[in-house]
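In: Here's my sequence, what's the structure:
(one chain, ligands or ions: 1)
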Amino acid sequence: MSKLNVGIVGLRRGRGFVSLFAAHPRLNVAALCDLDPATLADLGAAFNLPDSALHTDYDQFLAAPMDIVMIATPIRFHAEQTIKALQAGKHVMCEQTAAYTVEDCEAIVQAVKQSGRTYMMAENYCYFHYVRQWQEIVQQGKLGSIFYAEAEYVHEIEDLLINEETGEYYWRHERPPIWYCAHPLGPLLTLMDDRIVAASGSHAGFHKRPEQSDHLGFLDMQVGLFRTQKGAIIKIARSQVAPRYPHMVYYSLYGTTGYVENGRDGSNTNGYLWIEGETPDDENGHPRADVIHCSVVDPDAPEEAKHGGHGTSEYYMIRDFLDAIENGTRPPIDVTRSMDFTIPGIIAHESAMSDGNWRDVPLFDW
Ligand SMILES: NC(=O)c1ccc[n+]([C@@H]2O[C@H](COP(=O)([O-])OP(=O)(O)OC[C@H]3O[C@@H](n4cnc5c(N)ncnc54)[C@H](O)[C@@H]3O)[C@@H](O)[C@H]2O)c1
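Out: As a prediction, this is how the structure comes out:
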């Protein structure tokens with residue numbers, strides 16, 4: 001099987017993908033793009049790429065002989081870069097979230113439709129090993145009908161919002177926390193095989209950094225409440241400034257016959273699983289959950305999978321994307337699913353900024 005040529009734009013987060021793709025048996029790194037010439041030169045040298053493969057201009061980069069574009073730039077560039085790549089006939093894998101506005105999301109859906117190319121959002125948390133293990137449990141019906149789920153994604157990244165010494169703002173300063181909802185929401189919707197149809201939002205304000213109240217990234221904590229198509233409720237809490245160490249992503253799901261959750265310190269922790277009729281009672285005859293380990297690494301994955309990033313998750317994510325391209329099928333996080341994971345956060349923020357009332361969440365079916 002001949003290798004597919006891939007180009008990567010945005011070489012900070014993208015650096016990991018360059019290294020993953022360069023070692024990948026099904027891929028060849030054909031071109032790189034970044035606004036910063038020093039970053040570009042550094043990676044070009046590290047991966048033995050000729051100068052002709054290094055671009056600071058995105059349009060010139062798109063003219064390189066590539067089958068796939070991997071987009072890992074700040075989110076405000078995702079929509080335009082995605083649409084241009086699709087129009088240039090490339091398959092696209094784009095970092096999450098897909099875009100900042102519903103209009104841009106819709107434009108991406110249209111561009112995928114018109115291009116006939118494969119689009120996948122790189123929501124790697126859906127591929128955490130423990131999420132994949134839970135998926136088997138849920139698919140066997142062991143939790144019954146899931147009626148409530150929640151996730152907290154609390155990651156203090158003030159140093160990525162502002163340079164405290166110079167006062168320079170970085171791109172995440174403008175990103176309200178709940179806009180970045182794909183990590184908490186994606187795995188829950190995947191497990192529930194469900195979609196969000198309505199959202200409401202609230203936030204506490206700028207208690208921690210009152211002087212930054214013009215910069216929505218510094219909102220203390222945003223909470224989104226969501227109603228799903230199947231009639232369940234989801235709650236998401238998100239913060240980029242809350243002093244919570246270690247940072248964590250926490251998930252729990254409650255069904256009619258069981259529940260599952262990871263530990264509150266996030267991944268690679270012990271969580272709980274209880275299944276009616278299966279989990280043994282404690283010594284006093286009372287129901288008590290089993291302790292389960294929640295690892296991001298699949299111990300049975302091939303050795304090369306462990307170098308993929310975020311445990312084995314990125315290896316499996318890339319595998320699904322390449323399989324979809326080669327088989328002409330839709331990837332698991334296709335453009336519809338990408339918008340299912342992106343748009344609810346946009347709508348929850350809209351609600352939080354006005355009356356906190358419930359709003360419909362548009363679904364883009366295709
Ligand atoms: N899935 C994950 O676990 C995960 C983790 C970190 C970041 N991300 C995502 O990766 C993306 C990038 O984040 P980051 O932390 O690397 O940001 P960053 O600001 O650290 O780096 C962005 C890079 O892109 C370059 N760049 C900026 N604008 C560009 C443009 N218009 N064209 C070409 N290059 C441009 C910059 O020079 C820089 O090298 C974001 O979408 C973010 O959400 C995902």
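
In: which parts of the stretch 1-150 of the chain sit against the ligand?
Out: Taking CB under 6 Å from any ligand atom as the measure of proximity, the stretch 1-150 of the chain contacts the ligand at 9-13, 33-36, 39, 58, 72-75, 77, 95-96, 122, 124. All C-beta spots, glycine's among them, are computed from the backbone N, C-alpha and C.

In: What does the residue most central in space within the chain show for phi and psi?
Out: Nearest to the mean C-alpha position of the chain, counting by CA atoms, centre = their mean, stands Glu123 at 3.1 Å. Dihedral angles phi and psi of Glu123 (degrees, to the nearest 10) take the values phi -90, psi 90.

In: The closest residue to it other than its chain neighbours sits in which helix or strand?
Out: Ranked by CB to CB, 6 or more residues apart in numbering and with sequence neighbours excluded, the top spatial neighbour of Glu123 is Gly186, at 4.2 Å. Using DSSP states H and E, Gly186 sits within helix 182-192.

In: For whichever helix or strand comes after that helix, which outside residues touch it?
Out: Moving toward the C-terminus from helix 182-192, the next helix or strand (DSSP H and E) is strand 196-203. Defining contact as CB atoms under 8 Å, 6 or more residues apart in numbering, one finds that strand 196-203 is touched by 176-178, 185, 189, 219-229, 234, 340, 343-344, 347-353, 356-361, 363.

In: Could you rerun that using 7 Å?
Out: Applying CB atoms under 7 Å, 6 or more residues apart in numbering, the contact partners of strand 196-203 are 178, 219-229, 340, 344, 347-349, 351-352, 356-361.

In: and whatever residue is furthest in space from the centre of the chain, what are its phi and psi?
Out: Distance from the centre of the chain peaks at Asn284, with 42.5 Å (CA atoms, centre = their mean). Dihedral pair for Asn284: phi -100, psi 10, per degrees, to the nearest 10.

In: before we move on, what about Tyr259?
Out: Residue torsions, per degrees, to the nearest 10, at Tyr259 are phi -150, psi 160.

In: Can you report how many residues lie near Tyr119?
Out: Per other CB atoms under 10 Å, the neighbour tally for Tyr119 reads 28.

In: er, Asp355 actually
Out: 9.

In: Repeat that for Glu80.
Out: Neighbour tally, Glu80, other CB under 10 Å: 15.

In: Just the CA atoms of the helix or strand hosting it, as CSV, please.
Out: Secondary structure assignment for Glu80, by DSSP H and E: helix 78-87. What follows is helix 78-87, C-alpha atoms only, in CSV (Å, rounded to 0.1, in the frame of the first residue of the first chain):
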residue,chain,number,x,y,z
HIS,A,78,-9.5,26.4,12.0
ALA,A,79,-12.5,27.3,9.9
GLU,A,80,-10.7,29.2,7.2
GLN,A,81,-7.8,26.8,7.0
THR,A,82,-10.1,23.8,7.0
ILE,A,83,-12.3,25.1,4.2
LYS,A,84,-9.3,26.1,2.1
ALA,A,85,-7.7,22.7,2.5
LEU,A,86,-10.9,20.9,1.5
GLN,A,87,-11.3,23.2,-1.5
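
In: Which PyMOL command selects the buried ones in the residues of the stretch 1-150 of the chain next to the ligand?
Out: This is the PyMOL syntax for the buried subset of those, where burial follows 16 or more other CB atoms under 10 Å:
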select buried, resi 9+10+11+33+34+39+58+72+73+75+77+95+96+122+124
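
In: and the residues of the stretch 1-150 of the chain next to the ligand, which of them are in helices?
Out: By the criterion of DSSP state H, membership of those in helices covers 13, 39, 58.

In: tell me the pLDDT at the first one?
Out: Looking back up the chat, that one is Arg13. pLDDT for Arg13: 96.

In: which one among the ones in helices among the residues of the stretch 1-150 of the chain next to the ligand gets closest to Arg172?
Out: Arg13 (12.1 Å; CB to CB).

In: what's the closest non-adjacent residue to the closest one?
Out: In space, Arg13 is closest to Ala72, 4.4 Å off (CB to CB, 6+ apart).

In: what's the distance between that neighbour and Gly345?
Out: Going from Ala72 to Gly345 by CB to CB, to the nearest Å gives 19 Å.

In: Okay, the residue nearest to the centre of the chain and Glu303: tell me how far apart.
Out: Distance of Glu123 to Glu303, computed by CB to CB: 25 Å.

In: wait, doesn't the residue nearest to Glu123 sit right on Phe341?
Out: Yes. With contacts defined as CB atoms under 7 Å, Gly186 counts as touching Phe341 at a distance of 4.4 Å.

In: Which neighbours do these two have in common?
Out: Each of Glu123 lies in contact with both Gly186 and Phe341 under the rule CB under 7 Å, 6+ apart.

In: where does the protein have low pLDDT?
Out: Applying pLDDT under 70 to the chain picks out residues 1.
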